[in-house]
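1. quick one, fold the following:
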Amino acid sequence: MSLMNIFDISGSAMSAQSIRLSTTASNMANGNSAARSAEETYKARYPIFSAVQTRAQAAMQRGDFAANFAESNFATDSGMSVQVLGIVESNRPLQPRYEPEHPLADDDGYVFYPDVNIVEEMTNMISSSRSFQMNVDVMNAARSMMQRVLSLGQ
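-> Got it, this is the predicted structure:
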């Protein structure tokens, strides 16, 4: 793997963590939003990540990875990245609360609230923030190594 690929991998990971941070912030912002019915209630959203090694995986699925390894330069150009497969909604049960005076109460006096766990969301926020920072550190280390390699010829 070349040092240039490190920037692509870390960049895709940083992008994925930004999406995770954004969905976490949305979950926290809407954690106390009330709704008249279960269908209208906000449901927490979570991104699904996947590590992708496109060219090498395709060759392995075809069964010719070992035969074509030397001629196709998989070791330096494997197309590795982090991909966001999608954003899914939580299937946790909602929190119906009996609040007959609430303006959004249904005919039975219930208001529906999302089941967003603020502690879990804060943990997700800290985790995504640290993952983002670690990828920044990886990029800085790769940049530093590239600068050292260039200075060897002097």
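
2. buried stuff in the lengthiest helix in the chain?
-> Counting residues, the longest helix found in the chain (DSSP state H) is helix 118-152. Neighbour counts over helix 118-152 (16 or more other C-beta atoms under 10 Å) mark 121, 124-125, 128, 131-132, 135, 138-139, 142 as buried. Every residue, glycine included, has its C-beta placed from N, CA and C.

3. looking at these, spot the one nearest Y46.
-> Taking C-beta to C-beta as the measure, Y46 sits nearest to N124 out of the buried residues of helix 118-152, at 8.2 Å.

4. can you name the residues that contact the closest residue to that closest one other than its chain neighbours?
-> Leaving aside its chain neighbours, N124 sits nearest to T24 (4.6 Å; criterion: C-beta to C-beta, 6 or more residues apart in numbering). By C-beta atoms under 8 Å, 6 or more residues apart in numbering, the residues touching T24 are 121, 124-125, 128.

5. thinking again about what came up before, make TSV out of the buried residues of helix 118-152 and add pLDDT and distance to S90.
-> Converted to TSV, the buried residues of helix 118-152 look like this (pLDDT from 0 to 100; distance: C-beta to C-beta, whole Å):
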residue	pLDDT	distance to S90
E121	95	11
N124	95	12
M125	96	16
S128	95	17
S131	94	21
F132	95	23
N135	94	26
V138	93	31
M139	93	33
A142	91	37
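
6. which pair of the residues you listed spans the longest distance?
-> Top of the distance list for these (C-beta to C-beta): E121 and A142, 31.8 Å.

7. hmm, back to that, okay, buried residues for the one helix or strand the residue nearest to N124 maps to please.
-> When elements are assigned from DSSP states H and E, T24 belongs to helix 3-29. For helix 3-29, burial by neighbour count (16+ other C-beta under 10 Å) applies to 5-6, 9-10, 12-17, 20-21, 23-24, 26-28.
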